[in-house]
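Novice: Sequence first, predicted coordinates after that:
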Amino acid sequence: MTSEEPVTEGADSAGTSATELITVHVLGLPLALQEQAQEQNSELTRELTLIGIRLHQQGSSGELPVRLVALIDQLTGRYSSFTVAQEQQLVDAVAAGLETVDLVYEVPASVALAARALSDILDEADEYCRAGRHLLTLATPDELVTYRRWFLDQFIDQAAGRPPVRWADHQRERQG
């Protein structure tokens, strides 16, 4: 799937129905990295939203920002109702002073397509951030890119029937 293709309903790569719910386990999620990643994503989302508003007001059809904003809107609209409980778990874990937390998501099987599209589009956005031409937001630091890819890969891989990989195990594999 390219970053230009919309997230669609239908069957995913594992042959399951997009409306079928699957269980995804995110094990050992590092709360400090999650907080940093959320800050980075919020900053990028704010900038893209402002760019999208400006382009709409000007009647411009600048492809990249409009496409990024549209994808973020689509992902938020389609999958946000499946993450409410996990958001609260994250808040509670931080308040309890935990370093990591295990999360369980019940999401449509089509989340794999959305996760892949999001991964591609965020990588592309980072390229624009590094170029400094369209976006002011700094590119995502390497550690957060590694975290982002691990997190999104949990949805992609588990939708395809592969087992979850704990963050610490992922890090050991990368260093080993």
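Specialist: It's in.
Novice: right, and residue 36 touches residue 144 too?
Specialist: Yes: counting by Cβ atoms under 8 Å, residue 36 does reach residue 144; the two are 5.9 Å apart. (C-beta placed from N, C-alpha, C; glycine too.)
Novice: Tally up the residues packed near residue 33, please.
Specialist: 18 (other Cβ atoms under 10 Å).
Novice: Could you check which helix or strand contains it?
Specialist: helix 31-58 (DSSP states H and E).
Novice: for that helix, which positions count as buried?
Specialist: Applying a neighbour-count criterion of 16 or more other Cβ atoms under 10 Å, one finds 31, 33-34, 36-37, 40-41, 44-45, 47-48, 51-52, 55 buried in helix 31-58.
Novice: next one: stretch 126-142
Specialist: 126, 128, 129, 134, 135, 137, 139, 140.
Novice: Please narrow these to those residing in helices.
Specialist: 126, 128, 129 (DSSP state H).
Novice: shouldn't the last one be in contact with residue 123?
Specialist: Going back to what we said before, that points to residue 129. No: at 10.6 Å, residue 129 does not count as touching residue 123 under the criterion of Cβ under 8 Å.
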